[in-house]
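Participant: fold the stuff below for me.
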Amino acid sequence: MHTYFGILDVAAEVAHSLDYLCMNPDDRIATYNVAFLRYSAQLQWPESAFCHRYYFGLPDRIQDIISTREEGKPSTFQTLYSTAVFIDNHFWERKHESGKAPYSTSQRTSYPECSQSVSQLSISDSGSDMEASDSSDGFPTW
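Facilitator: Next up is the predicted model:
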């Protein structure tokens, strides 16, 4: 039926994709952010739900630093997003300075709650009448 009629419930399909979206530990955060923002722009979730889902899709190397900040976890999506980008950029800057290569695929850990990586996910936006409005800072408004 999906083949002949397309996605029956676009919002449910997008929510499912977002639920299983995870950043690979050896990827840069930009890849994860593009996919996350693409999916989240199609949903009408509260900001706290986006924060929760975004945080749990991050690799441990970013989650560990966020969770141990003196200020605690950021309470807004924009702050969480900016903090994660800052941490990831710093990580790759240090990798470059130390001359160490990024993680190899043989060292990758399998995360059961994140069964699909960003590169494995694909969803058609066709047929969707949902549109997100972007705020002046480039983030979708919810």
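
Participant: can you report phi and psi for C22?
Facilitator: Note on C22: its backbone torsions stand at phi -140, psi 150 [degrees, to the nearest 10].

Participant: my guess is it meets G57, correct?
Facilitator: Yes. With contact defined as C-beta atoms under 8 Å, C22 counts as touching G57 (4.7 Å). All C-beta spots, glycine's among them, are computed from the backbone N, C-alpha and C.

Participant: how about P59, nearest residue that isn't a chain neighbour?
Facilitator: P25 (4.1 Å; C-beta to C-beta, 6 or more residues apart in numbering).

Participant: for the one you found, what are phi and psi?
Facilitator: phi -60, psi -30.

Participant: number of nearby residues for it?
Facilitator: P25 has 17 neighbours, counted by other C-beta atoms under 10 Å.

Participant: show the pLDDT at it.
Facilitator: pLDDT for P25: 89.

Participant: isn't it right up against I62?
Facilitator: No. Applying C-beta under 8 Å as the test, P25 and I62 come out as separate, 9.1 Å apart.

Participant: contacts for the helix or strand containing S48?
Facilitator: Assigned by DSSP states H and E, S48 falls within helix 47-57. For helix 47-57, the external contacting residues (C-beta atoms under 8 Å, 6 or more residues apart in numbering) are 18-19, 21-23, 32, 36, 40, 45, 63, 66, 73-77, 80-81, 84, 113-114, 142.

Participant: now with 7 Å, please.
Facilitator: Here helix 47-57 makes contact (C-beta atoms under 7 Å, 6 or more residues apart in numbering) with 18-19, 21-23, 32, 36, 40, 63, 66, 76-77, 80-81, 113-114, 142.

Participant: ok and the very next helix or strand once past it relative to helix 47-57, angle-wise?
Facilitator: Where DSSP H and E defines the elements, the next helix or strand beyond helix 47-57 is helix 60-67. Regarding helix 60-67 and helix 47-57, their directions subtend 140 degrees when assessed with axes from the mean of the first three to the mean of the last three C-alpha atoms, to 10 degrees.

Participant: this completes my enquiry, with thanks.
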